[in-house]
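# A predicted structure for the sequence below; I have some questions about it.
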Amino acid sequence: NKSKKSTHFLSDWEEILMANHCEEAKKIRNFYKEHLLDNVVPFWMNSDLLDKENGGYITSVDRFGKSYNDDKSVWFQGRCLWTFSTLCERYGVREEWKKAAEIGKEFLEKYCFDSDGRMYFTVTKEGKPLRKRRYMFSESFFVVGMAQYGKTFGDNDALKKAEDCFELMMQIYKDPLSDPFKITPKSYSETRNERSAAVPMVLISSAELLRRCDPDRQDYYNDICKSITDDIMKYHYHPELKCSLENVLSVDGSHVDNPSGRTINPGHSCENAWFLMCQAIYNNDDKLLKNALSIFDFAFERGWDKGYGGMLYFVDLDNRPCEQLEWDMKLWWVHNEVLIASLMAYALTNDEKYWERFKLVHEYSFSHFADKEYSEWYGYLHRDGTVSHTQKGSLWKGPYHLPRCLMFCEELLDNIANNQKPRSLL
């Protein structure tokens, strides 16, 4: 039977039939689950990730899982905590996963906060501070890790700490001068006051997860999600330019005609698109879904490398030179986000182009990033798809984007296989 595509994706969802790909989705679903549980997770559990002496996680491991840098990323203390807590929630509590979550939680609480309430960016293996940044991304990953831990294991104290940290993030977002971390600004806002898309992106994903983890306050967090969504649409989404911009002027969302102002980050746009799809699902909001799909479409059309395949890391709005030296590299996490967004878009619309997009990126990713000999994925490829860096982890890469992708894609493929409407994933 030929599937029907609805223009009212959410309200008329029951009219959508996905029989075309049910059997194929079942096979790929099983493949994703096996890749997660038999390949990716065992790689990290057998690696030097878990610091049994000092607690916390060492993510800088080589191709074989051996540490080459034992300094610790505070981002990844929260991200790994989320991963192990989510594994337990989805597949049942395994003692080794629970212990892995606990050592991250304890390390975060003991070592990763400064006296002003803000968090460090990197610490030594023992937990001594090395670097602190003005950005609140360390806080955002503390929020998602602690909230998920609280939800999985019934730890109300962990959830409360996540919620308190999120309140600080929102305070700083609304009033940057209230930031307890007093540091010379990155730029002179009196001359050029700009907004970064990464900030509302981590806020909406954190709020969506808190909405699920604390049902008693779901309306409160949903109102925050709506407010952040409005900011993304007001400032960063530019349908007239067919893109979502990373850096815009705070006054009206316009951009400066320079490389920074023209920067498009396809990976961020695709990730943000599925965050917004989750928000549209939760609120049955067709208009938001349509805009989220447009953000995804614009990012993919600009980011897909038609010459070599794979997603470019950065592109320029006007196809002028990018200043980022790594602009044409292919990064693992970008492809993870496209896989999630493609499946969610297909499950919601039954538009065949999203299934074909998923298959295209799936085939590229598993043929280029996946290490067939020693498991897990390489993180960085040259433009032609050859491996640039052989390590499996760093201060920027660890067990987060890939496990999240495999878990969420498994669920979405199950929705497609059983003709079920997807839920908000976060």
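Cool, got the structure.

# ok, which stretches of the stretch 201-350 of the chain are strands?
Listed in chain order, the strands found in the stretch 201-350 of the chain under DSSP state E, counting those that start in this stretch are 237-238, 243-244, 247-249, 263-264, 315-316, 330-331.

# Tell me which of the ones you listed sits most buried.
strand 243-244 (a mean of 27; mean count of other Cβ atoms under 10 Å). Using the backbone N, CA and C atoms, a C-beta is placed for each residue, glycine as well.

# Quick one: distance of it to the chain centre.
The gap between where strand 243-244 is centred and where its chain is centred comes out at 18 Å by Cα atoms, centre = their mean, to the nearest Å.

# name the helices or strands packed onto it?
Secondary structure elements in contact with strand 243-244, counted by 3 or more Cβ pairs under 8 Å, 6 or more residues apart in numbering; DSSP states H and E, are helix 266-283, helix 286-303.

# Just checking, which helix or strand of the chain averages the lowest pLDDT?
For the chain, scoring each helix and strand by mean pLDDT, DSSP states H and E identifies strand 194-196 as the least confident one, at a mean of 91.

# Quick check: neighbours of it in the sheet, parallel or antiparallel?
Using DSSP bridges, the strands paired with strand 194-196 in its sheet are strand 247-249 (antiparallel).

# From the rest of the structure, what touches stretch 111-129?
Contacts to stretch 111-129, defined as Cβ atoms under 8 Å, 6 or more residues apart in numbering, come from residues 51, 54-56, 58, 70-75, 77, 107, 110, 130-133, 136, 138-139, 142, 168, 179-181, 395.

# Next, the contact list for the closest residue to Pro321 other than its chain neighbours, please.
Residue nearest to Pro321 in three dimensions, not counting chain neighbours: Pro259, with 7.3 Å by Cβ to Cβ, 6 or more residues apart in numbering. When the contact criterion is Cβ under 8 Å, 6+ apart, the partners of Pro259 are 316, 320-323.

# show me where pLDDT drops low in the stretch 251-400 of the chain?
Residues of the stretch 251-400 of the chain that meet the criterion pLDDT under 70 are absent altogether.

# coming back round to it: other residues contacting the least confident helix or strand of the chain?
Strand 194-196 is touched from outside by 187, 235-236, 246-250, 253, 256, with contacts defined as Cβ under 8 Å, 6+ apart.

# out of those, which are buried?
235-236, 246-248, 253 (16 or more other Cβ atoms under 10 Å).

# Out of those, give me the two with the largest separation.
Of all pairs drawn from the buried ones among the contacts of strand 194-196, the one with the longest distance (Cβ to Cβ) is Glu246 and Gly253, at 12.0 Å.

# Could you tell me which residues touch both of these two?
In the contact map built from Cβ under 8 Å, 6+ apart, the residues linked to both Glu246 and Gly253 are His236.

# what's the most buried one of the helices and strands packed on strand 243-244?
helix 266-283 (a mean of 25).

# Next, the angle from that helix to helix 286-303.
Helix 266-283 and helix 286-303 are oriented at 170 degrees to each other (axes from the mean of the first three to the mean of the last three Cα atoms, to 10 degrees).

# from the middle of its chain, how far away would helix 266-283 be?
Put simply, helix 266-283 sits 10 Å off its chain's centre (Cα atoms, centre = their mean).

# all helices for the stretch 301-426 of the chain, in order.
332-349, 352-368, 401-417 (DSSP state H, counting those that start in this stretch).

# how long is stretch 226-246 end to end?
Distance across stretch 226-246, first residue to last, is 20 Å (Cα to Cα, to the nearest Å).

# Could you tell me how far the residue nearest to Pro321 is located from Phe314?
9 Å (Cβ to Cβ, to the nearest Å).

# now Asp305
Asp305 sits 12 Å away from Phe314, taking Cβ to Cβ as the criterion.

# what does Arg134 give?
In this structure, Arg134 and Phe314 are 22 Å apart, going by Cβ to Cβ.

# who has more neighbours, these two?
Neighbours around Arg134 and Phe314, counted as other Cβ atoms under 10 Å, are more numerous at Phe314. The numbers are 22 against 15.

# hmm, back to that, so what sits against both of Asp305 and Phe314?
Counting by Cβ under 8 Å, 6+ apart, Asp305 and Phe314 have no common neighbour.

# mind listing the helices for the stretch 101-250 of the chain?
Taking DSSP H, counting those that start in this stretch, the helices of the stretch 101-250 of the chain run over residues 137-153, 156-174, 198-213, 218-231.

# how far is the second one from where the chain is centred?
Relative to the mean C-alpha coordinate of its chain, helix 156-174 is positioned 19 Å out (Cα atoms, centre = their mean).

# Kindly report the same for the last one.
Chain-centre distance of helix 218-231: 18 Å, with Cα atoms, centre = their mean.

# between that helix and helix 156-174, how big is the angle?
Orientation note: helix 218-231 sits at an angle of 30 degrees relative to helix 156-174 (the same axes, to 10 degrees).

# before we move on, back to that, I'd like the helices and strands packed on strand 243-244 as JSON lines, with distance to Asp223 appended.
Output for these, formatted as JSON lines (distance: least, Cβ to Cβ, whole Å):
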{"stretch": "helix 266-283", "distance to Asp223": "11"}
{"stretch": "helix 286-303", "distance to Asp223": "15"}
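
# Identify the residues contacting Tyr235.
For Tyr235, the residues meeting the contact criterion (Cβ under 8 Å, 6+ apart) are 195, 248, 250, 252-253.

# so who does the residue lying closest to it once chain neighbours are set aside touch?
Nearest-residue entry for Tyr235: Gly253, 3.7 Å, with adjacent residues in sequence omitted and distances by Cβ to Cβ, 6+ apart. When contacts are counted by Cβ under 8 Å, 6+ apart, Gly253 is found next to 195, 234-236, 238, 245.

# Next, find the distance separating the residue nearest to Pro321 from Glu246.
If you go by Cβ to Cβ, the gap between Pro259 and Glu246 works out to 11 Å.
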